[in-house]
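**Q** Take a look and give me a structure for this.
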Amino acid sequence: MIQRWLRFNHLGKTCFGTLEGNKIRIYEGDMLVDPRPTDQCATLGEVKLLIPVVPGKVLALWNNFHALGRKLGLEPPPEPLYLLKAPNSYLNPLETIRKPLCDGKVVYEGELGVVIGRTCTNVAEEDALSHVFGYTCANDVTVADIIQRDPTFPQWVRAKGFDTFLPFGPVIATGLDPAMLVVRTMLNEEVRQDYPINDMVFPVQKLVSLISRDMTLHPGDMILCGTSVGVGSMKPNSIVEVEIGGIGKLRNRFE
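**A** Below is the predicted model:
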């Protein structure tokens, strides 16, 4: 059964629950460990949506889609290539992505986010999906021309780490098969990306397994699976939306 979990502010309190149509069933406890339903409900119109989880760390993949690798003339990597996104970059659904003070081309990257539900260290690939809580929509915003600005040091973290540069949400969906998902990114209502998750070099279970050999993944940590063809620049006063069937649509303004 698919459930869609979300965090929100309601009557001055931070709450979480499941989305049932336009109604939210409010839970208590811990979303990832011990969620317990209450008899309280709210509607979407009564709440302010928050990021659906607050990750301790976010790992973002590079060159993890065959189609984009072919377009860029890159060979599939032998192991996952990833960086960390800083917590200051987290941004709630419907809030504004802010143009940084530095110059440079700001690009959108629609991606699938994998939210860890159970602590895992050196987990076997066949057990990896049992450590995943669910999936969300993410936009890995980047100042593209910063990355190679200094030939002695690729600046991936800076390029992707500005304030507001990681909107994600609006929900975490559980009970999905990630291999069946498709990511669509729209800029000002025009489709710019439309790609299948099953084109990944490292599918979700392999990503979780291999990364857990490097570092322990804790409940709430998130893996961004990387992006595919169609990445492009955003101009101020644009609306960017990342939609994944079964999960929902993440919408933010850039200005």
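**Q** who's in contact with the lengthiest helix in the chain?
**A** Using DSSP state H, we find that the single longest helix of the chain is helix 204-214. Identification of contacts with helix 204-214 by C-beta atoms under 8 Å, 6 or more residues apart in numbering yields 59, 61, 64, 79-80, 82, 114, 116, 120-126, 128-129, 131-132, 178-179, 197, 200, 202, 217, 223, 225. The C-beta positions use only the backbone N, C-alpha and C, and glycine is treated the same way.
**Q** out of these, which are inside strands?
**A** Among those, the members found in strands (DSSP state E) are 59, 61, 82, 114, 116, 132, 223.
**Q** count of neighbours near the second one?
**A** Taking other C-beta atoms under 10 Å as the neighbour definition, residue 61 ends up with a count of 23.
**Q** In contact with the closest residue to it other than its chain neighbours: list those residues for me.
**A** Spatial nearest neighbour of residue 61, chain neighbours left out: residue 226 (3.6 Å); criterion: C-beta to C-beta, 6 or more residues apart in numbering. Residues in contact with residue 226, defined by C-beta under 8 Å, 6+ apart, are 60, 61, 62, 63, 64, 65, 68, 111, 200.
**Q** swap in residue 117?
**A** 32, 131, 132, 133, 134, 219.
**Q** Most neighbours out of the residues you listed, which is it?
**A** For these, the largest number of neighbours (other C-beta under 10 Å) sits with residue 134, at 25 neighbours.
**Q** Listing partners with orientation, what would you give for the host helix or strand of that one?
**A** Using DSSP states H and E, residue 134 falls within strand 132-139. With DSSP bridges as the test, strand 132-139 is paired with strand 110-116 (antiparallel), strand 166-174 (antiparallel).
**Q** what separates the helix or strand immediately after it in the chain from the chain centre, distance-wise?
**A** Next in sequence after strand 132-139, counting helices and strands by DSSP H and E, comes strand 142-143. On the basis of C-alpha atoms, centre = their mean, to the nearest Å, strand 142-143 sits 16 Å off its chain's mean C-alpha point.
**Q** same deal with stretch 206-225?
**A** Relative to its parent chain, stretch 206-225 has a centroid offset of 13 Å by C-alpha atoms, centre = their mean.
**Q** can you map out the helices along the stretch 1-150 of the chain?
**A** 66-72 (DSSP state H, counting those that start in this stretch).
**Q** first vs last residue of stretch 68-84, how far apart are they?
**A** Using C-alpha to C-alpha, to the nearest Å, one end of stretch 68-84 lies 21 Å from the other.
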